[in-house]
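**Q** take a look and give me a structure for this.
(chains A and B)
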Number of protein chains: 2
Amino acid sequence: MTTGADSLVQTALNAGVEICFANPGTTEMPMVIALERAPGMRVVLGLFEGVCSGAADGWARMTGRPAAALLHLGPGLANGIANLHNTRRARSPVVNWIGEHPTRHRPFDPPLQTDIAALAGCVGWTRSVGSAQEMAEASLAAVQAALGPPGRVSTLIIPADCQWAPGPAPLSASVTPTWRAAPDSVIQDAARLLRTGRTGLLLGGSALTTAGLRAAARVAAATGCPLWVETFPSRQDCGRHVPQIQPLPYFPEQATEALATLNALVLAGAREPVAFFAYPDQPSGLLPEGAEVHALADPEGDVDAALALEALAETLNAPAWVLPSAGPVEVAPRSVPLTPDRLCQLLAAQLPERAIVVNEATTTGFTWNTVHAAQAAPHTMLFSTGGAIGQGLPNALGAALACPDRRVIAFQADGSGLYTLQALWSMVREQVDVTVVVCANRCYRILQVELARAGCREPGPTASSLTELTRPEIAWTDLAKGFGMPACRVHSEVEFVKALGRFLAEPGPSLIEALLS
Amino acid sequence: MTTGADSLVQTALNAGVEICFANPGTTEMPMVIALERAPGMRVVLGLFEGVCSGAADGWARMTGRPAAALLHLGPGLANGIANLHNTRRARSPVVNWIGEHPTRHRPFDPPLQTDIAALAGCVGWTRSVGSAQEMAEASLAAVQAALGPPGRVSTLIIPADCQWAPGPAPLSASVTPTWRAAPDSVIQDAARLLRTGRTGLLLGGSALTTAGLRAAARVAAATGCPLWVETFPSRQDCGRHVPQIQPLPYFPEQATEALATLNALVLAGAREPVAFFAYPDQPSGLLPEGAEVHALADPEGDVDAALALEALAETLNAPAWVLPSAGPVEVAPRSVPLTPDRLCQLLAAQLPERAIVVNEATTTGFTWNTVHAAQAAPHTMLFSTGGAIGQGLPNALGAALACPDRRVIAFQADGSGLYTLQALWSMVREQVDVTVVVCANRCYRILQVELARAGCREPGPTASSLTELTRPEIAWTDLAKGFGMPACRVHSEVEFVKALGRFLAEPGPSLIEALLS
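**A** Next up, the predicted model:
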């Protein structure tokens, strides 16, 4: 018998969903049985739902195709929401399959009942399946919704009886998102603005591909316009093979200063810049009063930003981009304690070609983004998009499964890494080629900075206790060992370089706890 | 200057909130500063918000007073929701303080923006603060809402500018919930039903105190009525000093069989029984068709169930309850592998007087609830209420902080323990007297049972991979060590008894990984 669950899973597989990150419960048992009966669908267990949702996001960012997350009722979805929030901001296509009690069971308000639709509504498109007969069509609709463009989170709420009852024949449609070229008038308007001077160009989305970045550099060469990358990009091509473009600064003081002289800003796949947080004496919007904003490619729309930049460069008769001849930077490690900047520099020097750097290094990674990544071998960076911490390790898991021929570096702050450390176990189970570099500064450094900005420059015992990850110190090497992952702790530059070299030469996951001074 | 945050925190402290489990971010910095300035408020850092919310619940269950959880924006709240769902089902008083962007910042849709009210609405009472001037009054209202009766989750959404702006003088009201006696007519009706025979009595809430359980036994002695404890109680007095009353069975087949001969059911602090999950051939409601339901004390109301049972026993002229003379049960450990039943039995034999057993042992704990707890020294059990896993370790942290003169046993399944294992770190930091007993069966056993119930008796590789916690095996001893906690692994009965004896004799937290066969 084809169950509703079979109809759903097989339809999703036909539509291009090849992987499901799962932590199911009783209301998802028919889905588990259906996954078993769907050869070609890879199923990966996460020990916590935030691992599943973050891994689905990582997979989707690297492939452009939707990954599924199978989660248990409202609490299971709730555990996945923080990373789904990041997924929403990354515009990655992710399909959630959430089991629900049968409709006849819900008036009894069983213990696990929650308002699943309210939770799902916080992260994207939502549909509750009404009958087993809908299961194929609803499955396809969820994949279509997830793919957009732009990509988004779509959630199907699936009553258990719709899963176990006989279902319709699976649909065989495949789904591909249709990206548009920018209308010529939009390109002409952008060209006119940029030619007037005092117009900047802010890059996001597909503008951060190699093609997009090179086209943006051509536009800058033709017009002299300043360029920035959005502060929290989803995915960016980085390294010596692309022009180095600075991120728009994080703090509003620095961002408003950077943008201060502009009359206009052209957005290529990026949103209008806004302060990440509000402060008493700082504005929310970061552009000067009255500055014109022109969307060459709206990130919430279906225009391909990279193509639009290429068309813009042509319109401007911009010169071709020439690859600078800079070769690898040699960096000699010393027998001295590691600092954040040197850690970034040493990592860049040793980064394998085509690596994927999943960057949740927060404060430690500051000069990675501004200086050192540009000197590394060509690589792809995935970044925290929505500010919900705990993205890095799950993202690295998903990215590694998506790209088994590439090395993944999880460049990970210790505080945020502890949110979803269960991802280490799934990395071991799946034997992915992820090397985790834990930046162990043993504090929430960004909060110490923010506390000082809020006027508390000499924190007392309470504020200190809330920002220091000491008493006791956390031994990441033991946590890794507990999840079956080879690990070592390093204190000096020499130790770090040696450990990184050793782990990168081996298949499978590993972890380096880099103690920072 | 008194900030809005000061007004809020000081008002809450005056109203009886003495502890705050926190993982703040930038939008909560003025709250951190205010917590520093509020002597008498204990502040405990959790490395993940589910630890904070679950610990607040544990503290509230043991004290009956509200604990606060300070969480960062929507994603921080979302991470706390699973345990807040359990809190809601436990009717524990917990106050959430959630930072929010200032109102003027929100039209810019900054990256961390989420619909916080929608998330909070899934777990209870919610209010968004509109101005700093409201901060004292809103703080008091949240405490009042949390205390009920019955207790509930209340969430204050607090824009950062309301925190940092000058606030009003704190309010000095203390808040105590007012529980009522049951109306005489309700007691008379219950007595009449019970005297007719074929009427059962289902206990929950305060009916599970020593006084309530003894009164219920008197009612049973007077009327011959069958008695049950609700399947997922929040808190229950257990041990040799109270009558042993069986929990209503979990699976609907067994529950409906237990209730099959009833014409009526009297509810004392419990809800009308409902199947935890729906199954194709099982009913949702568990009572026989047409059975009368009489609420002696509605768990959603303000009637004290224990007092109502005492009044009912008096009305029935029930005999006094006599403490059975059973002494401690001697159990000789053997040099054989541990089984779930023997683990429960050995733990019961060694349990310290007045211990708090936080029971998230799931399948391993089955005979704890049905057999062995009743033979243990007098103790208090906290149980999983809402089915959202990951409650146990955080609950144990909160309970231990609430009752520093009592030993806490976190009787913990391995699968659910991994959801919120970060609680181990806070236990070490706070040096609480918690001994964690991990029931390491290395699988989601309940799901293996449910999978078989769903018709999958010989799981293939996919279903197996989703229910087995192997490949790799998880070493809880290493995870504990990573968080600074003394730990050991035991294989046999003798090893378990020895380890438990040693750890119970020492102050501070410890962990025993009990490998089960």
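**Q** now A:Q244, nearest residue through space, not along the chain?
**A** Excluding the flanking residues, the one nearest A:Q244 by C-beta to C-beta, 6 or more residues apart in numbering or on different chains is A:A374, at 3.7 Å. Every C-beta, even on glycine, is put in place using the N, C-alpha and C of the backbone.
**Q** ugh, wrong one, I meant A:V371
**A** In space, A:V371 is closest to A:C344, 7.3 Å off (C-beta to C-beta, 6+ apart).
**Q** that neighbour: which element?
**A** If you go by DSSP states H and E, A:C344 is part of helix A:340-350.
**Q** what's the answer for A:V438, then?
**A** Going by DSSP H and E, A:V438 is part of strand A:434-440.
**Q** chain center to the following helix or strand past that strand, what's the gap?
**A** Note on strand A:434-440: by DSSP H and E, the next helix or strand toward the C-terminus is helix A:445-453. Computed by C-alpha atoms, centre = their mean, to the nearest Å, the chain-centroid distance of helix A:445-453 equals 24 Å.
**Q** helices and strands around helix A:445-453, which ones?
**A** helix A:461-467, helix B:29-36 (3 or more C-beta pairs under 8 Å, 6 or more residues apart in numbering or on different chains; DSSP states H and E).
**Q** return the most buried member of those.
**A** Ranked by mean neighbour count, these are led by helix B:29-36 with a mean of 26 (mean count of other C-beta atoms under 10 Å in any protein chain shown).
**Q** is it anywhere near chain A?
**A** Yes: Helix B:29-36 is in contact with chain A by C-beta under 8 Å from any C-beta of the partner chain, via B:M29, B:P30, B:V32, B:I33, B:L35, B:E36.
**Q** how about low-confidence regions in the stretch 201-350 of chain A?
**A** Within the stretch 201-350 of chain A, not a single segment meets pLDDT under 70.
**Q** re earlier: could you dump the helices and strands packed on helix A:445-453 to CSV with mean pLDDT and distance to B:R152?
**A** Below are the helices and strands packed on helix A:445-453 laid out as CSV (pLDDT from 0 to 100; distance: least, C-beta to C-beta, whole Å):
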stretch, mean pLDDT, distance to B:R152
helix A:461-467, 97, 27
helix B:29-36, 98, 22
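**Q** quick one on the thing from earlier: can you count the residues close to the residue nearest to A:V371?
**A** For A:C344, the count of nearby residues is 24 (other C-beta atoms under 10 Å in any protein chain shown).
**Q** just list the residues touching it, thanks.
**A** A:C344 is in contact with A:A361, A:T364, A:G365, A:F366, A:T367, A:W368, A:V371, A:H372, A:A373, counting by C-beta atoms under 8 Å, 6 or more residues apart in numbering or on different chains.
**Q** so which of the residues you listed is the most crowded?
**A** A:A361 (29 neighbours).
**Q** for that one, give me its contacts.
**A** A:C344, A:W368, A:G392, A:F411, A:Q412, A:A413, A:V437, A:C439.
**Q** of the residues you listed, closest to chain B?
**A** Distance to chain B across the contacts of A:A361 (C-beta to the nearest C-beta) is lowest for A:A413, with 12.5 Å.
**Q** my guess is the closest one contacts A:V437, does it?
**A** No: if you go by C-beta atoms under 8 Å, A:A413 and A:V437 don't touch, sitting 10.2 Å apart.
**Q** any chance you could map the helices in the stretch 51-200 of chain A?
**A** Using DSSP state H, counting those that start in this stretch, the helices of the stretch 51-200 of chain A run over A:73-90, A:116-121, A:135-147, A:160-164, A:184-195.
**Q** how about the fourth one as CSV, C-alpha atoms only?
**A** Listed in CSV are the C-alpha atoms of helix A:160-164, where the atom choice follows Å, rounded to 0.1, in the frame of the first residue of the first chain:
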residue,chain,number,x,y,z
ALA,A,160,-0.4,11.4,11.6
ASP,A,161,-3.6,10.0,10.1
CYS,A,162,-2.8,11.7,6.7
GLN,A,163,0.6,9.8,6.9
TRP,A,164,-0.7,6.4,7.7
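**Q** show the pLDDT at A:S517.
**A** Reading off the confidence values, A:S517 has pLDDT 88.
**Q** that one: how many residues sit nearby?
**A** Residues near A:S517, counting by other C-beta under 10 Å, number 10.
**Q** what's the nearest residue to it if we skip its chain neighbours?
**A** Counting by C-beta to C-beta, 6+ apart, the residue nearest A:S517 is A:P337, at 4.0 Å.
**Q** I'd like the distance between the one you found and chain B.
**A** 22 Å (C-beta to the nearest C-beta, to the nearest Å).
**Q** if we can go back for a sec, show me which positions of the helix holding A:C344 end up buried.
**A** A:P340, A:R342, A:L343, A:C344, A:Q345, A:L346, A:L347, A:A348, A:A349, A:Q350 (16 or more other C-beta atoms under 10 Å in any protein chain shown).
**Q** CA atoms only for that helix - export them in PDB, please.
**A** C-alpha atoms of helix A:340-350 as PDB (Å, rounded to 0.1, in the frame of the first residue of the first chain):
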ATOM      1  CA  PRO A 340      42.700  35.800  17.000                       C
ATOM      2  CA  ASP A 341      44.400  37.600  14.200                       C
ATOM      3  CA  ARG A 342      47.300  35.100  13.800                       C
ATOM      4  CA  LEU A 343      44.800  32.300  14.000                       C
ATOM      5  CA  CYS A 344      43.000  33.800  11.000                       C
ATOM      6  CA  GLN A 345      46.200  34.400   9.200                       C
ATOM      7  CA  LEU A 346      47.600  30.900   9.700                       C
ATOM      8  CA  LEU A 347      44.300  29.300   8.700                       C
ATOM      9  CA  ALA A 348      44.200  31.300   5.500                       C
ATOM     10  CA  ALA A 349      47.700  30.300   4.700                       C
ATOM     11  CA  GLN A 350      46.900  26.600   5.100                       C
END
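**Q** could you check the angle that helix makes with helix A:445-453?
**A** Counting by axes from the mean of the first three to the mean of the last three C-alpha atoms, to 10 degrees, helix A:340-350 lies at 150 degrees to helix A:445-453.
**Q** helix A:340-350: what's the following helix or strand?
**A** strand A:355-360.
**Q** dump the C-alpha coordinates for that following strand into PDB.
**A** The C-alpha trace of strand A:355-360 is given here as PDB (Å, rounded to 0.1, in the frame of the first residue of the first chain):
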ATOM      1  CA  ALA A 355      37.500  24.500   1.000                       C
ATOM      2  CA  ILE A 356      34.200  25.500   2.500                       C
ATOM      3  CA  VAL A 357      34.700  27.700   5.500                       C
ATOM      4  CA  VAL A 358      31.600  27.800   7.700                       C
ATOM      5  CA  ASN A 359      32.300  30.900   9.700                       C
ATOM      6  CA  GLU A 360      30.700  31.400  13.100                       C
END
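**Q** just confirm yes or no for the next helix or strand after that strand near chain B.
**A** Scanning forward in sequence from strand A:355-360 by DSSP H and E, the next helix or strand is helix A:366-370. No: judged by C-beta under 8 Å from any C-beta, helix A:366-370 makes no contact with chain B; its nearest approach is 16.0 Å.
**Q** repeat for stretch A:20-36
**A** Yes: judged by C-beta under 8 Å from any C-beta, stretch A:20-36 comes into contact with chain B at A:A22, A:N23, A:P24, A:G25, A:T26, A:T27, A:M29, A:P30, A:V32, A:I33, A:L35, A:E36.
**Q** put the alpha carbons of that stretch into CSV.
**A** The C-alpha coordinates for stretch A:20-36 follow below in CSV (Å, rounded to 0.1, in the frame of the first residue of the first chain):
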residue,chain,number,x,y,z
CYS,A,20,16.3,14.6,5.1
PHE,A,21,17.8,15.6,8.4
ALA,A,22,15.6,14.0,11.0
ASN,A,23,14.7,13.6,14.7
PRO,A,24,11.3,12.0,14.5
GLY,A,25,8.8,11.0,17.2
THR,A,26,5.7,8.9,17.4
THR,A,27,3.7,11.2,15.1
GLU,A,28,6.2,10.8,12.4
MET,A,29,6.5,7.0,12.4
PRO,A,30,4.8,6.5,9.0
MET,A,31,7.2,9.1,7.6
VAL,A,32,10.1,7.0,8.9
ILE,A,33,8.7,4.0,7.2
ALA,A,34,8.2,6.0,4.0
LEU,A,35,11.8,7.2,4.1
GLU,A,36,12.9,3.6,4.4
